[in-house]
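>>> Dropping a prediction and its sequence here:
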Number of protein chains: 2
Amino acid sequence: MATPTYTISELAREFGVTTRTIRFYEEKGLIHPRREGQKRLYSPADRVRIKLILRGKRIGMSLQESVELIDMYDPEHNNREQLHSLIRTVQDRRARLLRQKQDIEDMLAGLDEVQALCERGLEGKQ
Amino acid sequence: MATPTYTISELAREFGVTTRTIRFYEEKGLIHPRREGQKRLYSPADRVRIKLILRGKRIGMSLQESVELIDMYDPEHNNREQLHSLIRTVQDRRARLLRQKQDIEDMLAGLDEVQALCERGLEGKQ
DNA sequence: AACGACGTTTACGTTAACGTAAAGTTAATC
DNA sequence: GATTAACTTTACGTTAACGTAAACGTCGTT
């Protein structure tokens, strides 16, 4: 079976964004769907890129940051210097992500407190 | 001993933002420092609010979202209906935070892979 | 009394990430 | 063949979150 392909509105529906958003990502060079005549046709790889970009957005990354992170996967970096440099940026990213994770855990703990207070408040009025 | 108080540039330095940012937050109604003549004087409570706002920013929350979350703590909600409503918004927040946390963990796993690939690549060239 | 460091207000400028509207093309259907 | 639905391009508009510049006040020091 041939690899599946997606139209722009299929992907828009799947990810809960507008077609404008997807075209905008292309305009910014984040994806490069092929064309069938005039129409855009998206490969599974395109689809994954969009998914990863949106994942980045959810935790507050800019589109550029998301793309930089995604592009760490494909190895256009052969020499020692580049590999070392990539390892450093990986570690920077990791540090940031760990702090974000800590931020989230702190907020979750805060929400637990708030909810406990609410439930206490409700008991009295039961 | 009296409770400590902060000038705008002290806080700016501490949090790594500009004074413009802090004044902007006030302009948007996020904080309300008292005045000494013309000058702003920040209380520890003001300081914590700024800290929480910046924490929210780090994980991609808007200023408004941060404030809404912070304001869940002070109980201006006495009646049953309000408490129930608050519990629901708490649960929505929790769901979003959990997904963000999952996103981060996925990215961290991805970074581990990238780093492993880098180190493999380096071995051959040692 | 001039200077520098800090504070203030007012106001226009900037960037990212799209929204929205206009106007047209292509393919399938009534 | 007219309509409808999905696609296209072009282009101006919008919002959030500040940046930046101008013009001024108030100390403490030199």
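Looks like it came in fine. Numbers count the residues shown, from 1 in each chain, chains lettered A, B, ... in the order given.
>>> Could you tell me how far residue A:96 is located from residue B:72?
26 Å (Cβ to Cβ, to the nearest Å). (Each C-beta comes from the backbone N, C-alpha and C, glycine too.)
>>> higher neighbour count, these two?
Taking neighbours as other Cβ atoms under 10 Å in any protein chain shown, residue A:96 and residue B:72 compare with residue B:72 leading, 20 against 16.
>>> neighbouring contacts of the strand or helix carrying residue A:24?
Using DSSP states H and E, the element containing residue A:24 is helix A:19-27. Applying Cβ atoms under 8 Å, 6 or more residues apart in numbering or on different chains, the external contacts of helix A:19-27 come out as A:8-9, A:11-12, A:31-33, A:40, A:50, A:53, A:63.
>>> What's the end-to-end length of stretch A:65-83?
This stretch, stretch A:65-83, spans 19 Å end to end (Cα to Cα, to the nearest Å).
>>> ditto for stretch A:4-11
Stretch A:4-11 end-to-end distance (Cα to Cα) = 12 Å.
>>> re the thing from before, now tabulate the contacts of helix A:19-27 in JSON lines and tack on neighbour count, distance to residue B:78 and secondary structure.
Output for the contacts of helix A:19-27, formatted as JSON lines (neighbours: other Cβ atoms under 10 Å in any protein chain shown; distance: Cβ to Cβ, whole Å; DSSP: H, G, I helix; E, B strand; the rest coil):
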{"residue": "A:8", "neighbour count": "19", "distance to residue B:78": "50", "secondary structure": "helix"}
{"residue": "A:9", "neighbour count": "11", "distance to residue B:78": "48", "secondary structure": "helix"}
{"residue": "A:11", "neighbour count": "21", "distance to residue B:78": "47", "secondary structure": "helix"}
{"residue": "A:12", "neighbour count": "18", "distance to residue B:78": "44", "secondary structure": "helix"}
{"residue": "A:31", "neighbour count": "21", "distance to residue B:78": "51", "secondary structure": "coil"}
{"residue": "A:32", "neighbour count": "12", "distance to residue B:78": "57", "secondary structure": "coil"}
{"residue": "A:33", "neighbour count": "24", "distance to residue B:78": "55", "secondary structure": "coil"}
{"residue": "A:40", "neighbour count": "19", "distance to residue B:78": "55", "secondary structure": "strand"}
{"residue": "A:50", "neighbour count": "24", "distance to residue B:78": "46", "secondary structure": "helix"}
{"residue": "A:53", "neighbour count": "24", "distance to residue B:78": "44", "secondary structure": "helix"}
{"residue": "A:63", "neighbour count": "15", "distance to residue B:78": "44", "secondary structure": "helix"}
